[in-house]
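Asker: Got a predicted structure plus its sequence, pasted below:
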Amino acid sequence: MKLLLTGGAGYIGSHTAVELLNKGYEIVIADNYSNSDPKVLDRIRKITNKDFAHYNCDVANYSEFERVFKEHKIDVVIHFAGYKAVGESVKIPLEYYENNLNATITLLKLMNKYGVENCIFSSSAAVYDSTKNRRLTEDSPLSCTNTYGYTKLMSEQIFKDAARANPKLSIALLRYFNPIGSHESGLIGDNPNGIPNNLLPYITRVAVGKLDKLYIFGNDYDTRDGTGVRDYIHVVDLALGHIAAIDYCLNNKGAIAINLGTGKGYSVLEVVHAFEKASGVKIPYEFTGRREGDTAEYYASPELAKKLLGWEARLDLEQMCASAWKWQKMNPNGYEE
Ligand code: NAD
Ligand code: UD1
């Protein structure tokens, strides 16, 4: 069984690559390293002791990407490639639509041309209107507050329409909640450029001394301690969710959206305290105003994933924080030596 991982050098892609190789799947990675470092390929080899094919290519570029399909008979695609920074997406919306939507459309055209029927897509909880419900099921109201979210919602629609037109297609639209943590080896991890936007990478950079303190965006939310509540999921659990989705795709047709979350929400302060416990490092913080676009609290209803994929998250918040810290401590400068 051969899998193509678009964006396979990124944070979630690299962790999924490791789990796939460890389970004996053959993989091909296609990435243009716009938000990753080719050094990650060696780290994946080091962890798994396995080799794989990889292409430096833009998956939104038909002729560049077609080479991969010409040279490999692919059974399942896992489509991670895309830009993901929410704030940036609002500043340069056309680049986000161009990259994320063209990548999806080009992929589907090539899948149709080369008879590839199965695809797992990286969608996001960003497609939900989290002002309406806190516990989000797959049929909760959808709505986006930013361009990034719209690229995911529109890509989902493109996949659904493609699956309606081609009944052989089998598409799992996986809506990730908040992936954090890293592989137990500490060799791969979340490595955002510049000042991190997301909570955990910000905390680990405070812990390693690269940032002075954490700014907590709002302590006046209607939550148990006033800070925002999210469903944090260990990236290795998330990777295993993709493996469960492979079997589902091979045995079902059509396009379906499935949440990948734990079903539990933790507040910003609870994450800070869990991190301090796991690392032994004190995290100085200051409360500041709410961040635009943030909502008080949401978390996944994880039942559909359990029912259809036979998958559920197993690793707890302390394990997520401990592994994130191990990665940051071992790699204070990311993939730079
Ligand atoms: P990432 O940026 O680490 O990985 C994405 C990879 O795609 C990068 O290696 C980047 O170089 C590559 N890429 C981007 N555009 C490309 C193109 N046109 N051609 C080839 N490669 C391209 O992000 P991640 O955190 O691993 O996320 C993976 C996917 O999951 C993304 O689609 C993201 O939007 C989605 N997602 C992420 C989160 C999260 O919190 N990390 C949450 C929900 C959904
Ligand atoms: C963000 C995106 C979401 C995307 C997700 C995963 C927004 C509005 N939403 O979700 O679309 O799918 O990342 O990439 O950007 N926080 C702080 N201080 C910080 C950073 C975060 O207090 O420096 C708080 C936030 O207010 C929030 C929580 O920590 O309550 C988690 O934030 P973050 O990690 O950015 O994820 P989301 O906002 O949930």
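Answerer: Received the coordinates, thanks. Ligands and ions are numbered 1, 2, ... in the order given.
Asker: burial count for whichever residue of the stretch 151-300 of the chain sits closest to ligand 2?
Answerer: Going by CB to the nearest ligand atom, ligand 2 is nearest to residue 228 of the stretch 151-300 of the chain, at 2.4 Å. Bear in mind the C-beta positions are built from the backbone N, C-alpha and C, glycine included. By other CB atoms under 10 Å, 25 other residues sit near residue 228.
Asker: Wait, it touches residue 266, no?
Answerer: No - checked against CB atoms under 8 Å, the pair residue 228 and residue 266 is beyond contact range at 9.8 Å.
Asker: Next up, the contacts around the closest residue to ligand 1 within the stretch 201-337 of the chain.
Answerer: Nearest residue of the stretch 201-337 of the chain to ligand 1: residue 235, at 8.1 Å (CB to the nearest ligand atom). By CB atoms under 8 Å, 6 or more residues apart in numbering, residue 235 lies in contact with 11-12, 15, 179-183, 190.
Asker: Scan those residues and report the most crowded one.
Answerer: Sorting the contacts of residue 235 by how many neighbours each has (other CB under 10 Å) puts residue 182 first, at 29 neighbours.
Asker: Which residues are in contact with it?
Answerer: Counted by CB under 8 Å, 6+ apart, residue 182 has contacts 15, 188-190, 235, 323-324, 326-327.
Asker: contacting residues for the closest residue to residue 300 other than its chain neighbours?
Answerer: Distances taken as CB to CB, 6 or more residues apart in numbering place residue 261 nearest to residue 300, at 2.6 Å, with adjacent residues excluded. Shown in contact with residue 261 (CB under 8 Å, 6+ apart): 125, 176-178, 231, 233, 299-300, 302, 313.
Asker: returning to that earlier point: is it possible to get JSON lines of the contacts of residue 235 that adds pLDDT and secondary structure?
Answerer: Below are the contacts of residue 235 laid out as JSON lines (pLDDT from 0 to 100; DSSP: H, G, I helix; E, B strand; the rest coil):
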{"residue": "11", "pLDDT": "98", "secondary structure": "helix"}
{"residue": "12", "pLDDT": "98", "secondary structure": "helix"}
{"residue": "15", "pLDDT": "98", "secondary structure": "helix"}
{"residue": "179", "pLDDT": "98", "secondary structure": "strand"}
{"residue": "180", "pLDDT": "98", "secondary structure": "strand"}
{"residue": "181", "pLDDT": "98", "secondary structure": "coil"}
{"residue": "182", "pLDDT": "98", "secondary structure": "coil"}
{"residue": "183", "pLDDT": "98", "secondary structure": "coil"}
{"residue": "190", "pLDDT": "96", "secondary structure": "coil"}
